[in-house]
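In: Using only what follows, build the 3D model:
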Amino acid sequence: MDLKPYGDRGLLLAELSDAQRTACLNRLAQALPAGCEEYVVGYDSILLLGPSIACDQQFKASIRSFVAYPLVNAPEPDFPRSHFAHSRKHIFEVYYNGADLEWVAQACNLSIEQVIELHTAPVYTVRMMGFSPGFPYLEGLDPRLQLERRASPRNRIAPGAVAIGGSHAGIYTVASPGGWHLLGHTDFPLFDLEAARHAHANAQEVFALSPSDQVRFQPKEIR
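Out: Residues are numbered from 1 along each chain as shown. All right, here's what the predicted structure looks like:
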């Protein structure tokens, strides 16, 4: 683990192994360390935020103490990657009528039915959120569906689009450009813009998903 300042109010826990990252997130879900107001989860890092904590040596010492137990005791390499004590479980119904569904089937040498079966089989874990508000990077995509992203991104993808790109699955939460392959769409809203406009709204009021949550996809009849 590497601990380094991040701006004037952040400390970055960087270069975390999967086991260390999971252990730290479980610890943070129980209680935030004194002086820390919130945290942001990255792919192999966790950003701790609070007033002027980057230059507070006492806070740095307390952070090292706070995370020392899970970091030292995180077993390697057999610690379950998705063993999160506080994750929530979600099932999203998907209409598999995406613009790239047939192309993905051909590129993967599969039938459309096989693509849908492979996409709905795993229990995905939200590795992190980013790119656009609440966009989830979902770990667990079957290797047989892992494709390079589109060479030419689309200018606009509608919210609710269910897509795959590289080793991840994802769901577009707002209308935005994007280069992932579109398999279908869900009607479930993942981002609440009205809630986001309130200064005191918490993350779970704004976003349907959080890092470490588990996700399943369920096929729904195409309309």
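
In: per-domain residue ranges of this structure.
Out: 2-73, 89-220 (automatic domain parsing).

In: mind showing which ranges of this protein have poor pLDDT?
Out: 52-56, 66-86, 192-206, 222-223 (pLDDT under 70).

In: Please enumerate the strands of it.
Out: 2-5, 10-14, 38-41, 46-49, 89-95, 124-129, 136-139, 154-157, 161-165, 168-171, 176-178, 181-185, 214-220 (DSSP state E).

In: Output those in TSV; the columns should cover mean neighbour count.
Out: C-beta: built from backbone N, CA, C; applies to glycine. Formatted as TSV, the strands of the chain follow (neighbours: other Cβ atoms under 10 Å):
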stretch	mean neighbour count
strand 2-5	12
strand 10-14	21
strand 38-41	18
strand 46-49	20
strand 89-95	16
strand 124-129	23
strand 136-139	23
strand 154-157	14
strand 161-165	23
strand 168-171	23
strand 176-178	18
strand 181-185	23
strand 214-220	17
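
In: In a markdown table: these, plus distance to Glu117.
Out: Converted to a markdown table, the strands of the chain look like this (distance: least, Cβ to Cβ, whole Å):
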| stretch | distance to Glu117 |
| --- | --- |
| strand 2-5 | 41 |
| strand 10-14 | 38 |
| strand 38-41 | 30 |
| strand 46-49 | 35 |
| strand 89-95 | 12 |
| strand 124-129 | 15 |
| strand 136-139 | 17 |
| strand 154-157 | 24 |
| strand 161-165 | 14 |
| strand 168-171 | 14 |
| strand 176-178 | 24 |
| strand 181-185 | 12 |
| strand 214-220 | 9 |
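
In: Which one of these lies nearest to Ile116?
Out: strand 214-220 (5.6 Å; Cβ to Cβ).

In: Off-centre distance for the closest one?
Out: 15 Å (Cα atoms, centre = their mean, to the nearest Å).

In: what's the distance between the residue most central in space within the chain and Ile164?
Out: Compute the mean C-alpha point of the chain, and by Cα atoms, centre = their mean the closest residue is Met128, 2.8 Å away. Met128 sits at a distance of 16 Å from Ile164 (criterion: Cβ to Cβ, to the nearest Å).

In: Can you show me the helices along the chain?
Out: Remark: helices assigned in the chain by DSSP state H are 18-30, 57-73, 101-107, 112-120, 193-196, 203-206.

In: can you tell which of these is closest to Arg216?
Out: Across these, closest to Arg216 is helix 112-120 (Cβ to Cβ), at 7.3 Å.
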